[in-house]
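A.B. asks: My questions are about this predicted structure, shown below with the sequence.
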Amino acid sequence: MGGDTHHTHGGGAGGAGWEALLPVAAVVLLAVGYLLLTRRAGVRNPALGWGRWRTVSFLSGCAVLAGALLPPVAPFAHADFRGHMLQHMLIGMYAPLGLVLGAPVTLLLRTLPAAQARRVTGLLHSRPLRVVAHPVTALMLSTGTLAVLYFTPLFDATMEQPAPHGLMHAHFLLSGCLFAWVIAGPDPAPARPGVPARLVVLGVAVAAHATISQLMYGGFLIDVHAPIPQVRGGAEIMYYGGDIAELLLAAALVASWRPARHRQRVAARPAAVSVTGTVRPRNTASTGPRTHRSW
């Protein structure tokens, strides 16, 4: 931690020109594409349709992402480390939560022809994606890389030129979406562990965020050339903003947890009675959970 100024690039406007407009245009196209898919899903299956709250969630994620890339956030992020951390939280934690809860993969599978949907499903269960989508891998890519960014000269290097800075934003977004999908995403995921295991991984992420932000606040190991008040303010945004985002992610995960629903149904079902009046035990082999297509 040292230096007197935070790096800026892309001209005096702080990145409010073309380098910000291109990503925002991509976000707009993403939102339009999602809306077109929802319309197609409604046409293909009017009875099933598409959940309105999922559409609201996805569009909210797009709005958060666009807001993080436009003024006043973008110029603030280029001129002040506190602005950078605010932008980081929006791009890497809050926008991914909205995008993932919108279930875009499920929507895509509902609108594709059967043969193409099977290919997408096969890709979701491929060996490389199983490795990438493992909760530990997602944790290292989303949270573990923060130590590399802020405890090495990498952060200052990415702030020098627009291209590395854009790659940093892309990493925040993609790794954040990966982590949110693996932990609480409604879309199908390969070899997803149970809810208790995912809660443990989320707890590790909370602890890692807290540790990094506390080290940053105290000036330990940090390698960011910015005034001390800015670094401490950024650490506070990371600490409290990260906690809120992870609590929202935990709420989304717990809301989807139904650990005893099937067992309660089986227990409430009356035993079969034969024509002679004797009670026959239920065939427990047939009471297991039914497999169905999640999309």
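C.D. replies: Looks like it arrived, so ask away. Residues are numbered from 1 along each chain as shown.
A.B. asks: Can you pull out the low-pLDDT segments for this protein?
C.D. replies: Scanning the chain for pLDDT under 70 picks out 1-19, 259-295.
A.B. asks: Strands of the stretch 151-295 of the chain, start to end?
C.D. replies: Along the stretch 151-295 of the chain, counting by DSSP state E, counting those that start in this stretch, strands occupy 272-273, 279-280.
A.B. asks: can you count the residues close to Ala138?
C.D. replies: By other Cβ atoms under 10 Å, 24 other residues sit near Ala138. The C-beta positions use only the backbone N, C-alpha and C, and glycine is treated the same way.
A.B. asks: tell me which element it is part of?
C.D. replies: Secondary structure from DSSP states H and E places Ala138 in helix 135-139.
A.B. asks: For the helix or strand that comes right after that helix, which outside residues touch it?
C.D. replies: Next helix or strand after helix 135-139 toward the C-terminus (DSSP H and E): helix 145-150. Identification of contacts with helix 145-150 by Cβ atoms under 8 Å, 6 or more residues apart in numbering yields 154-155, 158, 168, 171, 175, 208-209, 212, 216, 222-224.
A.B. asks: Stretch 83-92 too?
C.D. replies: For stretch 83-92, the surrounding residues in contact (Cβ under 8 Å, 6+ apart) are 6, 64-65, 67-69, 73-78, 142, 169, 172-173, 175-176, 233-235, 237-238, 241-242, 245.
A.B. asks: Among the residues you listed, name the ones in helices.
C.D. replies: When DSSP state H is applied, the contacts of stretch 83-92 are split such that 64-65, 67-69, 73-78, 169, 172-173, 175-176, 233-235, 237-238, 241-242, 245 fall in helices.
A.B. asks: Now which of the residues you listed would you call buried?
C.D. replies: By neighbour count, with 16 or more other Cβ atoms under 10 Å, the ones in helices among the contacts of stretch 83-92 hold 64-65, 67-69, 73-75, 77-78, 169, 172-173, 175-176, 233-235, 237-238, 241-242, 245 as buried.
A.B. asks: could you show me where the helices are in the stretch 51-200 of the chain, in order?
C.D. replies: Taking DSSP state H, counting those that start in this stretch to define them, one finds helices in the stretch 51-200 of the chain at 52-69, 73-79, 81-89, 95-101, 104-111, 114-124, 127-132, 135-139, 145-150, 154-158, 162-184, 195-218.
A.B. asks: can the ones you listed go into TSV with extra columns for distance to Ala20?
C.D. replies: Shown next, in TSV, are those (distance: least, Cβ to Cβ, whole Å):
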stretch	distance to Ala20
helix 52-69	5
helix 73-79	5
helix 81-89	11
helix 95-101	15
helix 104-111	24
helix 114-124	32
helix 127-132	29
helix 135-139	28
helix 145-150	21
helix 154-158	16
helix 162-184	10
helix 195-218	26
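A.B. asks: so which of the ones you listed is the most packed in?
C.D. replies: When you average the neighbours per residue for each of the helices of the stretch 51-200 of the chain (mean count of other Cβ atoms under 10 Å), helix 95-101 leads with a mean of 25.
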